[in-house]
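# here's a sequence, model it:
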Amino acid sequence: MLDKLSKAISPFLNDKSVRETVRELEVRVDLFDDLRAIFRLEEQLAEEINPNYINYADKFENDIKENTKKYMQNLKTEYNDPKTDKDKQRAIKIILDHLKKHGKYLWGHTIRSNKEAGGKMKLVDRTNNVLENFFHEMKHRERRRSGHKVLKYDFENIPPAAALVMNLSRPDYVKITCGSLDNLPICFSQIDKKQRDILHNIKKTDNNDYWEIYDYKGHLPFPDKRFIRKETVCDWILAASEGKSISYIRKRKEKLFITVDKKLAYLLHRSRT
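Coordinates of the predicted model:
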């Protein structure tokens, strides 16, 4: 088996283009690893800290600022060095442009709450890693439940509130929302009661429009999405917005398509000749 593996990979190991590509990727990976190390992405401060420890948060952020300035200066020096490889120069330029554009959003994550809230310091996440990991876990669970590889249809039909169910594993969330998991059915029943009261009031009211009283803020059901995405419905909406007739909109689209087809035919003719 090892001999077969050796014969299979030896053509790639001896290929000059493959070796050059691997070398370029290794250079880029090293630059990216240095960048991650400077931003200390793996280190997470507490979500809430006492004002007495705010100096630690300030020092944490100031260290990153200083290291980033030094790192950018070293990159500029290496970029201007004639001995630097062109591919590495391109990678360095991407990093420098990114830091120049988004650098101002990398600081200022310590926020002091008002006195009514206790006057404590809150630390906002410096990255969206937490949200990305949460969404990754949610997709993983849905794949295990449904067995589907592509989850577009599944997530279109999952209600938005389904993501909140995963928060029930957090004691602080449970304490705020319902006190304990034993009280969860009671909380849901109260929500249902409010909805029933709204519907009951709507039936008693004859002069008010239903949609003015009951504002549905959730996602549309999947059959409704398929309906509103139809070309005919789009024509209706466009005609209503412009105050035109359906026939006028369709004639304009037909004229536009004919013009586009003529241009494409002309370009195709030019390319062939």
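# could you point out which element follows the helix or strand of the chain with the lowest mean pLDDT?
Using mean pLDDT, DSSP states H and E, helix 210-213 stands out as the lowest-scoring helix or strand of the chain, at a mean of 41. Using DSSP states H and E, the helix or strand that follows helix 210-213 in sequence is helix 222-228.
# keeping just the C-alphas, turn that next one into PDB.
Provided in PDB are the C-alpha atoms of helix 222-228 (Å, rounded to 0.1, in the frame of the first residue of the first chain):
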ATOM      1  CA  PHE A 222     -42.100  28.600   1.600                       C
ATOM      2  CA  PRO A 223     -45.200  28.300  -0.700                       C
ATOM      3  CA  ASP A 224     -45.700  32.100  -0.400                       C
ATOM      4  CA  LYS A 225     -42.000  32.600  -1.400                       C
ATOM      5  CA  ARG A 226     -42.400  30.500  -4.500                       C
ATOM      6  CA  PHE A 227     -45.500  32.600  -5.400                       C
ATOM      7  CA  ILE A 228     -44.000  36.000  -5.000                       C
END
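# against which helices or strands is that helix packed?
The contact analysis (3 or more C-beta pairs under 8 Å, 6 or more residues apart in numbering; DSSP states H and E) places helix 222-228 against helix 152-157. Heads up, the C-betas are built off the backbone N, CA and C, glycines and all.
# 10 Å - rerun?
Packing partners of helix 222-228 (3 or more C-beta pairs under 10 Å, 6 or more residues apart in numbering; DSSP states H and E): helix 152-157, helix 231-242.
# buried residues, the longest one. List them.
Looking back up the chat, that one is helix 231-242. For helix 231-242, burial by neighbour count (16 or more other C-beta atoms under 10 Å) applies to 235, 239.
# which residues sit against it?
227, 228, 230, 244, 245, 246, 247, 248, 249, 250, 252, 253 (C-beta atoms under 10 Å, 6 or more residues apart in numbering).
# quick one: it to chain centroid distance?
31 Å (C-alpha atoms, centre = their mean, to the nearest Å).
# so for it, what's the average pLDDT?
The average pLDDT within helix 231-242 is 81.
# now do stretch 101-120
Averaging pLDDT along stretch 101-120 yields 73.
# check stretch 169-189 too.
Stretch 169-189 carries an average pLDDT of 86.
# need the distance between the two termini of it.
Using C-alpha to C-alpha, to the nearest Å, the end-to-end distance of stretch 169-189 comes to 21 Å.
# over to stretch 240-247?
One end of stretch 240-247 sits 12 Å from the other (C-alpha to C-alpha).
# run the chain-centre distance for it.
Distance of stretch 240-247 from its chain centroid, counting by C-alpha atoms, centre = their mean, is 36 Å.
# quickly find the element holding the most centrally placed residue in the chain.
For the chain, residue 132 is the residue whose C-alpha lies nearest the centre (C-alpha atoms, centre = their mean; 7.3 Å). Take DSSP H and E as the rule and residue 132 turns out to sit in helix 129-146.
# buried sites along that helix?
Within helix 129-146, the residues scored as buried using 16+ other C-beta under 10 Å are 138, 142.
# tell me what it is packed against?
Under the contact definition 3+ C-beta pairs under 10 Å, 6+ apart, helix 129-146 sits against helix 152-157, helix 162-165.
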